[in-house]
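Visitor: pasting the structure only:
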């Protein structure tokens, strides 16, 4: 009778652990930093570079992302590449340039960066591929007659490994070992 009760609790524990592992594996977070620098001061006929990061640190899939900048018209925004592919668990820098045409009105232009990402599939799928769109990262460009300050380049922080994920994996390993020894001990009795 006691062995049946132990087996029952052991199976419940195993199901809970497997469910947690499945949930942990299915998390596919994609993060996008705001452009750096995000406040740029330019005169007519000038241009400046900016960059942002697409972070797939906790993603379990390789992803492909495209991006656009809206709201800066008549300024000209170009990107080094039109889209990037990011391996699971990594970070990719994306570089762009904003240029001010000669006849641009003196004022502040407020742009919004929009990034759309989806998992890279190795085979052809029917229907549309699900994409995640992340938007509303600001890029402000002030067009001035005389520049008051030089453009400062700010280096974005490096992506760090999620310590929460590491702790969760350690807890799961300890639980699996504990359940194993618990089963082993209960079978000896």
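Guide: Received it, and whenever you're ready, just let me know what you need. All of these numbers come straight from a predicted model, not from anything done at the bench.

Visitor: Tell me what residue 109 is bridged to.
Guide: Beta bridges link residue 109 to residue 141 when assigned by DSSP bridges.

Visitor: contacting residues around stretch 81-98?
Guide: Contact with stretch 81-98 is made by 35, 40, 42, 47-67, 69, 72, 75-80, 111, 117, 120, 139, 141, 158-159, as judged by C-beta atoms under 8 Å, 6 or more residues apart in numbering. Glycine gets a C-beta too; all of them are placed from N, C-alpha and C.

Visitor: What about those residues, which are in strands?
Guide: Of these, the ones assigned to strands by DSSP state E are 40, 42, 47-55, 63-67, 69, 76-79, 111, 117, 139, 141.

Visitor: residues in contact with the residue nearest to residue 65 when sequence neighbours are not counted?
Guide: For residue 65, ignoring the flanking residues on the chain, the nearest one in space by C-beta to C-beta, 6 or more residues apart in numbering is residue 117 at 4.1 Å. Residue 117 is in contact with 30, 54, 56, 63-65, 86, 131-134, counting by C-beta under 8 Å, 6+ apart.

Visitor: So for stretch 108-119, mean pLDDT?
Guide: Averaging the model's pLDDT scores along stretch 108-119 yields 90.

Visitor: do the same with stretch 147-163
Guide: 57.

Visitor: for this structure, what are the low-confidence residue spans?
Guide: Counting by pLDDT under 70, the chain shows low-confidence ranges at 1-29, 121-131, 149-164, 189.

Visitor: how many other residues sit next to residue 51?
Guide: Per other C-beta atoms under 10 Å, the neighbour tally for residue 51 reads 18.

Visitor: Touching, it and residue 35? I think so.
Guide: Yes. The criterion here is C-beta atoms under 8 Å, and residue 51 meets it with residue 35 at 6.9 Å.

Visitor: got the phi/psi numbers for residue 172?
Guide: Backbone dihedrals for residue 172, given as degrees, to the nearest 10, come out at phi -60, psi -40.

Visitor: what's around it, how many residues?
Guide: A count of nearby residues for residue 172, using other C-beta under 10 Å, gives 15.

Visitor: how near is it to residue 59?
Guide: 19 Å (C-beta to C-beta, to the nearest Å).

Visitor: re earlier: out of the contacts of residue 117, which is nearest to residue 188?
Guide: Distances from residue 188 to these, taken as C-beta to C-beta, are shortest for residue 56 (46.7 Å).

Visitor: Look up the closest residue to the closest one, ignoring the ones flanking it.
Guide: Of all residues not flanking residue 56 in the chain, residue 86 sits nearest, at 4.6 Å (C-beta to C-beta, 6+ apart).

Visitor: which residues does the one you found bridge with?
Guide: Under the criterion used here (DSSP bridges), residue 86 is bridged to residue 63.
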